[in-house]
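In: Here you go, sequence then predicted model.
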Amino acid sequence: MTPTPTPLRVPAVTAGSRVLAFGDYRPARVLTNLDIEKMVETDDEWIRSRVGIQERRIAGDDEGIVELAVQAGGKALAASGLTTDDIDLVILATCSAESPMPNHAAQVAHKLGIQAPGAYDLNAACAGFCYALAAADAAIRTGQARNVLVVGSEKMSQWLDWTDRATCIIFADGAGAAIVGPAEAPGVGPVVWGSDGAQYDKIIIDDRHSFIRQEGQAVFRWATTAIAPVALQACERAGISPDELAAVVPHQANLRIVRAIARAVKATNAVVAEDIVHSGNTSGASIPLALSRMIERGDVPSGAPALLIGFGAGLAYAAQVIQIP
Ligand code: UT7
């Protein structure tokens, strides 16, 4: 006779989670299009009209993804009103780590003075922050964590071929962070996510001796056709109609892609993030970086819904609606 299994005890569930605060960090060094003109055959006018970037930030030699993440994470923690003792999970979204091992989240926690939290890195490339936020939300709702530090941190510059004008004009460095905590009234909506591994080679670093390369036009077509329906589905699942949105924050891939997605979503009352103009494409950091700066400037009201839309290498994508802290 097989014994009846003893049901295992699990923590009580929490109704929802919400973002308590954002923080961001942009490295000090500014690289303008005019600077890049001196490095590869390109020009300011081409970059502005095709990609929308005017300038981007490049991290210093002493700044890796851990240092960038610590800066952004520290700001988010200070703005949240919580202390390091309140954080019990750190999730670091990155696709540009210096090395695969050890994970970087534990070092970020250690440098911030967060004692022995769960800590892991997550790689969903430019969709990474939305994946990490979904993981944080799930951990809080299922009682596995009380408060979570979620960081997107990228040093794309260390994976760039600075003689390849198709990529070195686009990618940049930076970090954005969020503190996520429990909430009786949910402030993080359901994630809509997916992937298309058949297109794994569209944006790729082949091996440890390689640089980022991408099939720009193929990615452009995919981003401007496949992603808006995902974003609309995220709104529907959260019970928010696009005209209620106060902010639309697509991954800052290319200004033309950002605007095409925003047009298709028809969020008529929303401010659309266009942080790419001054920050470049910072991959998994771009969404929290952009939204953090919108909040800091007072562009968006606290409590209003914002739509986050991540997409990129994998190909992987994820979108969710959140309440602006
Ligand atoms: O965040 C990860 C997700 N990645 C993306 O979302 C990237 C999506 N793709 C894009 O943003 C665009 O495809 C690019 C910005 C990468 C390229 O823009 P495009 O309008 O698709 O240009 P293209 O690749 O079709 O190239 C058009 C022309 C070519 O010259 P010919 O063959 O027409 O003579 C390129 O060689 O522009 C040339 N070109 C450049 N010219 C000046 C390519 N890069 C440059 C450059 N400066 N930097």
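Out: Looks like it arrived, so ask away.

In: can you give me the end-to-end distance of stretch 118-136?
Out: 11 Å (CA to CA, to the nearest Å).

In: ditto for stretch 36-50
Out: So stretch 36-50: terminal residues 15 Å apart, CA to CA.

In: got the buried residues for that stretch?
Out: Of the residues in stretch 36-50, 36, 42, 47, 50 count as buried by neighbour count, 16 or more other CB atoms under 10 Å. Glycine gets a C-beta too; all of them are placed from N, C-alpha and C.

In: CSV for the residues you listed, including secondary structure?
Out: As requested, those are exported to CSV (DSSP: H, G, I helix; E, B strand; the rest coil):
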residue, secondary structure
36, helix
42, coil
47, helix
50, helix
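
In: what about the closest residue to residue 243 other than its chain neighbours, which SS state?
Out: Leaving out its chain neighbours, the residue that sits closest to residue 243 by CB to CB, 6 or more residues apart in numbering is residue 268, at 5.2 Å. On the three-state scheme (three-state DSSP), residue 268 is labelled coil.

In: Report how many residues lie close to residue 268.
Out: 9 (other CB atoms under 10 Å).

In: Quick check on it: phi, psi?
Out: phi -70, psi -20 (degrees, to the nearest 10).

In: thinking again about what came up before, mind putting the buried residues of stretch 36-50 into CSV with distance to the ligand?
Out: Listed next are the buried residues of stretch 36-50 as CSV, based on distance: CB to the nearest ligand atom, whole Å:
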residue, distance to the ligand
36, 8
42, 3
47, 6
50, 4
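
In: Which two of these have the greatest separation?
Out: Farthest pair in the buried residues of stretch 36-50 (CB to CB) is 36 and 50. Separation: 13.1 Å.

In: Return the distance of the residue nearest to the spatial centre of the chain relative to the ligand.
Out: The chain has residue 129 as the residue nearest its centroid, 3.3 Å off, counting by CA atoms, centre = their mean. Distance of residue 129 to the ligand, computed by CB to the nearest ligand atom, to the nearest Å: 12 Å.

In: Next, that residue: secondary structure please.
Out: Applying three-state DSSP: residue 129 is helix.

In: can you check residue 30 too?
Out: At residue 30 the chain is in strand, as set by three-state DSSP.

In: Wait, it touches residue 59, no?
Out: No. Shown here, residue 30 and residue 59 do not form a contact pair, counting by CB atoms under 8 Å, at 11.9 Å.

In: between these two, which one's more packed in?
Out: Neighbours per residue, other CB under 10 Å: of residue 30 and residue 59, the larger number sits with residue 59, 25 against 13.

In: And the pLDDT at that one?
Out: Looking at residue 59, its pLDDT reads 98.

In: what about it, distance to the ligand?
Out: 18 Å.

In: Assess the claim that that residue and residue 153 are in contact.
Out: No. Taking contacts as CB under 8 Å, residue 59 lies outside contact range of residue 153: 9.8 Å.

In: what residues do these two have in common as contacts?
Out: Here residue 59 and residue 153 have residue 68 as joint contacts, going by CB atoms under 8 Å, 6 or more residues apart in numbering.
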